[in-house]
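Student: What shape does this take:
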Amino acid sequence: MKKGIVYLVGAGPGDPDLLTVKAARLIAAADVIVHDGLVDDAILALARGDARFISVAKQRSRHSVPQEGINAILVEEARAGHAVVRLKGGDPFIFGRGGEEVDACRDASIPVEVIPGISAAIAGGAESFLPLTHRDASSAVTFVAGQCKGLTDQNWAGLAGKGRTLVIYMGVATADAICEKLISDGLSPDTPVAVLERVGRKDRRTLRTLLTDLGGMIARENVRSPAIIIVGDVVLMADAEDRLATIAREAEYLN
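Tutor: Residues are numbered from 1 along each chain as shown. As a prediction, the model looks like this:
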């Protein structure tokens with residue numbers, strides 16, 4: 001029997017053009033693709049015609065397949081001799097639970113490899129001309145989860161403020177609590193914030209406001225996940241309109 005293997009592949013923010021060359025090659029060669037709900041259909045379309053797809057889509061407070069079940073699927077399919085691509089939005093090791101899946105494969109003596117992807121913060125910043133670090137504004141950047149383990153269990157002291165950028169994943173539903181937490185930790189209510197919604201997709205949006213208005217803006221603009229929140233002075237450099245104009249010019253040039 002052919003020996004199976006598991007590849008944890010970062011699908012990036014959704015645009016197939018932002019896949020690594022290796023990621024695209026492995027998707028095209030996979031026997032089985034185990035994918036998240038955030039993986040764009042255009043990326044799934046790169047698979048070969050006889051590939052088998054297993055969706056393990058997750059939503060807040062509702063998992064179609066628990067993490068232990070996903071781990072079991074990967075091990076079972078690899079033991080059957082299949083080349084398994086575990087396709088994850090963004091990067092497998094940035095809030096993707098890739099470390100747990102690597103551990104499961106290793107514990108079962110299944111060969112496993114990780115192929116990084118472009119995380120939403122990196123892609124969203126590029127789309128909006130929003131540098132996560134800048135010599136004049138920020139020399140440090142931190143990634144946190146807005147709902148992982150619950151906000152009360154997290155210590156964000158010193159992660160946001162002058163000269164620092166804070167990137168919050170999965171924070172739309174808890175925006176009011178995030179605002180309250182940061183202000184109570186001493187961050188100014190006037191700190192600039194941006195919400196990058198549906199990064200890497202045609203209907204993406206970059207919204208800017210002040211920290212004190214974060215929850216209000218999300219409600220007014222009907223922001224929906226997937227979206228990330230960026231806190232810090234680098235937000236003032238974001239210019240979504242100029243970036244969209246650049247993309248339009250690129251499209252015209254390529255056509």
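
Student: alpha carbons only for contacts and neighbour counts from here, please
Tutor: OK.

Student: Please report how far G4 lies from H82.
Tutor: For G4, the distance to H82 equals 5 Å [C-alpha to C-alpha, to the nearest Å].

Student: nope, R52 is what I was after
Tutor: Distance, R52 to H82, by C-alpha to C-alpha: 10 Å.

Student: Show me the common contact partners of the two, please.
Tutor: Common neighbours of R52 and H82 (criterion: C-alpha atoms under 8 Å, 6 or more residues apart in numbering): D31, V32.

Student: more crowded one of these two?
Tutor: Remark: of R52 and H82, H82 carries more neighbours, 20 against 13, as counted by other C-alpha atoms under 10 Å.

Student: so who does that one touch?
Tutor: Counting by C-alpha under 8 Å, 6+ apart, H82 has contacts K2, K3, G4, I5, A30, D31, V32.

Student: Narrow these to those in strands?
Tutor: By the criterion of DSSP state E, membership of those in strands covers I5, V32.

Student: now the contacts of H82 in CSV, with neighbour count?
Tutor: Formatted as CSV, the contacts of H82 follow (neighbours: other C-alpha atoms under 10 Å):
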residue, neighbour count
K2, 10
K3, 12
G4, 20
I5, 22
A30, 22
D31, 22
V32, 23
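
Student: Can you tell me which of the contacts of H82 comes closest to L18?
Tutor: A30 (19.1 Å; C-alpha to C-alpha).

Student: Identify the spatial nearest neighbour of that closest one, chain neighbours not counted.
Tutor: Using C-alpha to C-alpha, 6 or more residues apart in numbering and skipping the chain neighbours, the partner closest in space to A30 is A83 (5.4 Å).

Student: Kindly state the beta-bridge partners for the one you found.
Tutor: Per DSSP bridges, the residues bridged to A83 are I5.

Student: Just give the number of residues close to it.
Tutor: 23.

Student: For K3, see how far away it is.
Tutor: From A83 to K3 the distance is 8 Å (C-alpha to C-alpha).

Student: Kindly report the same for V195.
Tutor: 44 Å.

Student: Contacts only, for the closest residue to V199 other than its chain neighbours.
Tutor: Nearest residue to V199 in three dimensions, chain neighbours excluded: G124, at 5.4 Å (C-alpha to C-alpha, 6+ apart). Contact analysis of G124 by C-alpha under 8 Å, 6+ apart lists L130, L196, V199, G200.

Student: Can you convert those residues into a markdown table and add a column each for neighbour count and secondary structure?
Tutor: Below are the contacts of G124 laid out as a markdown table (neighbours: other C-alpha atoms under 10 Å; DSSP: H, G, I helix; E, B strand; the rest coil):
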| residue | neighbour count | secondary structure |
| --- | --- | --- |
| L130 | 24 | coil |
| L196 | 26 | strand |
| V199 | 27 | coil |
| G200 | 22 | coil |
